[in-house]
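**Student:** return atomic coordinates for the entry below.
(2 chains)
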Amino acid sequence: MKPNLPRDVLLDMYRRMRRIRRFEDIAVEAHKNGEIPGSLHTSHGQEAEIVGACMALLPDDYMVGNHRSHGHPIGKGAKLDRLMAELLARSTGVCGGKGGSMHLADFSVGSLGETSIVGSGIPVAAGAALGAKLQGSNKVTLCFFGDGASNEGTFHEGINMAANWKLPVIFLCENNGYAVATPITSTAVVANIADRASGYGIPGVVVDGQDILAVYAVVSEAARRARAGEGPTLVEAKTYRYLDHAANMGRRLNYRELAEIEAWRAKDPLTLFASRLRDEMGFKPLDIEDVDEEVEREVQSALDFARNSPFPDAAGAFTDVFGDRLALTA
Amino acid sequence: MPEKTFLEAIRDAQFEEMERDPTVFIMGEDVESNMFGTFSGMQETFGAERVRNTPIAEAGMTGLAVGAAMVGMRPIVDFTMSPFLYPAMDQIVSMASKSRYLYGGQTQVPIVLRSNMIYGNGNAAQHSDRPYSMFANMPGINIMVPSCAYDMKGLMKTAIRNDDPVMSFEDAALWSSKSDIPDGEYLIPFGEAAVRRSGDDVTIVAVGAMVVHAMAAAAELEGEGVGCEVIDPRTVVPLDRATILESVRKTGRLVVVDSSFETCSIASEICAIVASEAFWDLRGPLQRVATPHTHIPFSPTMEEQLFPSKDKVVAAVRRAVA
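**Tutor:** Residues are numbered from 1 along each chain as shown, chains lettered A, B, ... in the order given. Presented below is the predicted three-dimensional model:
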């Protein structure tokens, strides 16, 4: 597919994928050396479906993520500083140090939560779309969830209600093949999660999740349908995560063959897209190297920002439970 | 002042708030059929977009309410009966109650989750719960348990304007009870208990419809020379500790009447607060009148004995003053 996109948009697609990759590389290191508490769910290998989908939206469209959501805010355009600070549990983090890796939501780029209970964001995304519809705002909502979430009850309830009310929402299943260590082929009979769309009377589309332009095209059409009042689309991006479910699993689970991982690494979305930028779209190697260097500076600067930020005061544990709950809005 | 029933109060509060604020809307099963009478004339007035029938999908409709709230709406979700909250447990707990906190104040979830409590009517264990104490254990949820039509209206209007999740537990025993409701608007703040009756000998804290039993018991005990102060917390979260403690410091005795299962109930919590903070003012043992820790059976011969009653409150007061 030959895209009809401006050069700066194409380069920005690459830039955002590169940001996610390097941001997570650095996060893995920081986790290893003890700077990041808790668990760390990385999306190495999934960058194309993340960025392709996010860039098919407008900046003020909504997005709901999941436990594996470092990439989603970055794909949607978030600055790296406060994301990294959140991972390092600092007061300057996007959630003030209350959320961490599994809840890395930056509401300033349209996020409505990166929620860590599997499948829990699906009805919430439908609800944001309902709110937008009632407000007549023309915003769409993009909901990222995994193959594992597609077996949750909330998948059924949320998609059914969205379909029934023709809500402006895009359900994007990031099928990376495994729910933690359980293959989707052992928990679902259908060949594709997208096949389930017919049960809700909505379109289901399978797309190569390693091809950013293919994802961009499919999600753009889903967004057009949503804005036109034609209702939701279920998109399934076939993708893969290179690393284990989370960075602190404790022991090797041995659920997949090295050859399988190597086969997917050979289809690395950044390598593939960089080649296409050079070979098919007339970018020079230096254009790409410049982006790589720029991103390197950004992630290093984000890490410095995080390391130089203070930890939250212990008193912060008691704020944000409620707003000013006794106040009565006029 | 016109007299209104508890159900009419619910309806009127919702109606007035929807007239006042276009972001308020209602979702629930069978709202169109107006099953219990809390939506009379509302779909006709506000349309099917704002008074919206849902499928039987409690987790789904709660999640949709949370999402809509995050983008600036103020949904009211009608679950009909309280036990139907359970299929939505994850959305209530993980999403509604935690989102403001988890995201460091970047968002808020102003939703009202309404459910009624029908018990003592032979509906058996899955349809007879009074689960407000269970939800009170989770931070981030305001919980109102009104005891009369007047409070119902004023608290519901406050709930709809509140910027955080509110669960409204509506005791069906009160549905046909009536209050004088003034013309024009009034709101009742959360966390302010009402002293329903003054007395010097025993403090009775009664939640929701238990106020009726407490007042009847207090009237009976007055004839025996025992003065009961009856306190209605109106909201169990936030709880008006100050009013309860002030009363117990005066009377030195406490009876808490609560329709919850006794273990980890609001009655237990209030007793614990009083035992910790007013211990040296106590003159008798703390008493809980709650529902014993068993499920609710179908047959009336087994069911009727379980819930708090006027006689049980009287007996508890006698134990407290003995």
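
**Student:** send me the lengthiest helix in chain B as PDB with only the CA atoms.
**Tutor:** When chain B is parsed with DSSP state H, its longest helix is helix B:6-20. Extracted in PDB, the C-alpha atoms of helix B:6-20 (Å, rounded to 0.1, in the frame of the first residue of the first chain):
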ATOM      1  CA  PHE B   6     -40.400   8.200  49.100                       C
ATOM      2  CA  LEU B   7     -40.700   7.000  45.400                       C
ATOM      3  CA  GLU B   8     -42.100  10.400  44.300                       C
ATOM      4  CA  ALA B   9     -39.200  12.000  46.100                       C
ATOM      5  CA  ILE B  10     -36.700  10.000  44.100                       C
ATOM      6  CA  ARG B  11     -38.500  10.800  40.900                       C
ATOM      7  CA  ASP B  12     -38.800  14.500  41.700                       C
ATOM      8  CA  ALA B  13     -35.100  14.800  42.600                       C
ATOM      9  CA  GLN B  14     -34.000  13.200  39.300                       C
ATOM     10  CA  PHE B  15     -36.500  15.200  37.300                       C
ATOM     11  CA  GLU B  16     -35.400  18.600  38.800                       C
ATOM     12  CA  GLU B  17     -31.700  17.800  38.300                       C
ATOM     13  CA  MET B  18     -32.300  16.800  34.700                       C
ATOM     14  CA  GLU B  19     -34.200  20.000  34.000                       C
ATOM     15  CA  ARG B  20     -31.400  22.000  35.600                       C
END
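
**Student:** can you give me the offset of that helix from its chain's centre?
**Tutor:** 17 Å (CA atoms, centre = their mean, to the nearest Å).

**Student:** ditto for stretch B:83-93
**Tutor:** With CA atoms, centre = their mean, you get 17 Å for stretch B:83-93.

**Student:** any buried residues in that stretch, and which?
**Tutor:** The neighbour-count check on stretch B:83-93 (16 or more other CB atoms under 10 Å in any protein chain shown) flags B:83-85, B:87-88, B:90-93 as buried. In this view, the C-beta of every residue, glycine as well, is placed from N, C-alpha and C.

**Student:** the helices in the stretch 51-200 of chain A, which residues?
**Tutor:** Taking DSSP state H, counting those that start in this stretch to define them, one finds helices in the stretch 51-200 of chain A at A:71-75, A:80-87, A:121-135, A:153-164.

**Student:** please convert the ones you listed to JSON lines, extending it with distance to B:Ala322.
**Tutor:** Output for the helices of the stretch 51-200 of chain A, formatted as JSON lines (distance: least, CB to CB, whole Å):
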{"stretch": "helix A:71-75", "distance to B:Ala322": "64"}
{"stretch": "helix A:80-87", "distance to B:Ala322": "58"}
{"stretch": "helix A:121-135", "distance to B:Ala322": "54"}
{"stretch": "helix A:153-164", "distance to B:Ala322": "52"}
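
**Student:** as a markdown table, those with mean pLDDT would be great.
**Tutor:** Listed next are the helices of the stretch 51-200 of chain A as a markdown table, based on pLDDT from 0 to 100:
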| stretch | mean pLDDT |
| --- | --- |
| helix A:71-75 | 98 |
| helix A:80-87 | 98 |
| helix A:121-135 | 98 |
| helix A:153-164 | 98 |
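
**Student:** any chance of the ones you listed in TSV, plus distance to chain B?
**Tutor:** Below are these laid out as TSV (distance: least, CB to the nearest CB, whole Å):
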stretch	distance to chain B
helix A:71-75	12
helix A:80-87	8
helix A:121-135	2
helix A:153-164	3
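
**Student:** in JSON lines, list these along with mean neighbour count.
**Tutor:** Shown next, in JSON lines, are those (neighbours: other CB atoms under 10 Å in any protein chain shown):
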{"stretch": "helix A:71-75", "mean neighbour count": "29"}
{"stretch": "helix A:80-87", "mean neighbour count": "25"}
{"stretch": "helix A:121-135", "mean neighbour count": "29"}
{"stretch": "helix A:153-164", "mean neighbour count": "24"}
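
**Student:** just the buried residues of stretch B:130-144, please?
**Tutor:** B:130-136, B:138, B:140-144.

**Student:** stretch B:152-171 too?
**Tutor:** For stretch B:152-171, by 16+ other CB under 10 Å, it's B:152-171.

**Student:** what is the mean pLDDT for it?
**Tutor:** Mean per-residue pLDDT for stretch B:152-171: 98.

**Student:** off-centre distance for that stretch?
**Tutor:** 9 Å.

**Student:** do the same with stretch B:190-204
**Tutor:** 17 Å.

**Student:** now the terminal residues of it, how far apart.
**Tutor:** 20 Å (CA to CA, to the nearest Å).

**Student:** list the buried residues in it.
**Tutor:** B:190-191, B:193-194, B:196-197, B:199, B:201-204.

**Student:** try stretch B:37-57
**Tutor:** In stretch B:37-57, counting by 16+ other CB under 10 Å, buried: B:38-39, B:42-43, B:46, B:50-52, B:54, B:57.

**Student:** in space, what's closest to B:Leu286 - neighbours in sequence excluded?
**Tutor:** Nearest non-adjacent residue to B:Leu286, counting by CB to CB, 6 or more residues apart in numbering or on different chains: B:Cys271, 4.5 Å away.

**Student:** avg pLDDT for the helix or strand just after the longest helix of chain B?
**Tutor:** Proceeding N to C from helix B:6-20, the next assigned helix or strand is strand B:24-28, under DSSP states H and E. Per-residue pLDDT over strand B:24-28 has a mean of 97.

**Student:** show me what contacts B:Met42?
**Tutor:** For B:Met42, the contacting residues are B:11, B:14-15, B:18, B:26, B:31, B:34, B:51, by CB atoms under 8 Å, 6 or more residues apart in numbering or on different chains.

**Student:** which members of those are the farthest-apart pair?
**Tutor:** B:Met18 and B:Asn34 (14.7 Å; CB to CB).
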